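Trainee: Take this sequence and fold it.
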Amino acid sequence: MSSYGSRLQPDADALYTISGPRAGAPVRADTRRAMLNVKPIFVNAFARGGSNIVVNLLLSHPNACYPSGEMQKVFRGGARSESRWRGVYKRIRYELPLIFSTGHIRFISPWNFAPRRELSVRARRHIDWVLHREKLAARDEQHNRFVREGVAYTDSQIARSRLVCKNLNGLILMTDNLAAMYPDATFFGLIRNGLALCEGYVRRGAQAEDCANMYRLLIGKMHEDSRRIENYHIVRFEEILRDPMGAASSLYRSAGLDLAEVDKFRMQLKATLSHSGEHKLERGRDRQVVWYAKTDLSRHFRTDVDQIQAAKLSPRDREAFLRIAGDTMEMLGYI
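Mentor: Just a heads-up that it's a prediction; the model follows:
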């Protein structure tokens, strides 16, 4: 098994468990002092599960800005636009204090599938400060350079904007911590056809069984959180592809954003799997930001991507995935 595949192994005993000190307990908010990030928005998703689409729909609003990457990249580095030394700085300045305060070296890792322990006040303040600081620092094209097409953000606009942050894989298990820190936060849980998702992992060296265990665990977590946390919303990847403007309207309504303030939607170009099995860009360069009028937004999406990916799974991998996660797929209506 590849090292990438070996990271996809949740503890079997953890399936459908809930993070935090007591499973199923209501989330307790920290109201002792105001946070720097007001009404943040967190997108919980699987890596390679379509989260960039949701994030870019949200970032199209002039009052929504992104930090320097996904949650783990904010604290540990690794964003494409960053130097190696910037990553070293982050690990020392951002991640190390969090390790000391939590006592866990993999607390901020997306490959840690264990429930997260309750955070101290100091750890909460540190996370809030890092997220706010990195939102202010992210000024490249992929992040917070343009408030709308061709118009640059000012420093004060970014400072006042709402944070949009992405939590992938094991970091979905941080939701209780974040909900306690930010009682005014909005959470989106992005789900997708598990067979299509599995193909993307298997193509990169993972085992179908490991992907299935992760799928069961995290789908269970997202659905349980949507029942316990007031402003937590489940979003389907396939519904976004089918009706992107309808999905954008629903996202904005749930997050309290005004769709009328958006002139155009920004999207990033990424490679997709073709019928021939090639993983390639249709046009432009990887991660290039393009802007669409509302009437043209649907041009960005391929509605057959799930079917193409699911069809590329071998019969053995399909059977292995469904043997473990078939009940989850059935619950979601995918089979």
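
Trainee: what are the ranges of the strands in the stretch 101-250 of the chain?
Mentor: Under the criterion DSSP state E, counting those that start in this stretch, strands of the stretch 101-250 of the chain are mapped to 146-148, 151-152, 162-168, 186-191, 232-236.

Trainee: Compile these into JSON lines and extend it with columns for distance to A212 and mean neighbour count.
Mentor: Glycine gets a C-beta too; all of them are placed from N, C-alpha and C. Supplementary listing: the strands of the stretch 101-250 of the chain in JSON lines, determined by distance: least, Cβ to Cβ, whole Å; neighbours: other Cβ atoms under 10 Å:
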{"stretch": "strand 146-148", "distance to A212": "40", "mean neighbour count": "17"}
{"stretch": "strand 151-152", "distance to A212": "45", "mean neighbour count": "11"}
{"stretch": "strand 162-168", "distance to A212": "18", "mean neighbour count": "23"}
{"stretch": "strand 186-191", "distance to A212": "15", "mean neighbour count": "25"}
{"stretch": "strand 232-236", "distance to A212": "19", "mean neighbour count": "19"}
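
Trainee: how about these in a markdown table, adding mean pLDDT?
Mentor: Converted to a markdown table, those look like this (pLDDT from 0 to 100):
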| stretch | mean pLDDT |
| --- | --- |
| strand 146-148 | 93 |
| strand 151-152 | 94 |
| strand 162-168 | 98 |
| strand 186-191 | 98 |
| strand 232-236 | 98 |
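
Trainee: and of these, who's closest to V290?
Mentor: Closest to V290 of the strands of the stretch 101-250 of the chain is strand 146-148 (Cβ to Cβ; 11.6 Å).

Trainee: Parallel or antiparallel, list what pairs with the closest one.
Mentor: Its sheet considered, strand 146-148 pairs with strand 151-152 (antiparallel) by DSSP bridges.

Trainee: for the strands of the stretch 101-250 of the chain, which one sits closest to F113?
Mentor: Ranking the strands of the stretch 101-250 of the chain by proximity to F113 (Cβ to Cβ) places strand 162-168 first, at 11.9 Å.

Trainee: Report the angle between the closest one and strand 186-191.
Mentor: 30 degrees (axes from the mean of the first three to the mean of the last three Cα atoms, to 10 degrees).

Trainee: Could you list the low-pLDDT ranges of the stretch 1-150 of the chain?
Mentor: 1-6, 9-33 (pLDDT under 70).

Trainee: can you map out the helices along it?
Mentor: Residue ranges of the helices in the stretch 1-150 of the chain, as given by DSSP state H, counting those that start in this stretch, are 3-6, 51-59, 71-76, 84-90, 96-102, 121-137.

Trainee: ok, now the stretch 151-300 of the chain?
Mentor: Per DSSP H, counting those that start in this stretch, the stretch 151-300 of the chain has helices spanning 155-160, 175-181, 194-202, 208-228, 237-242, 244-255. These are given in chain order.
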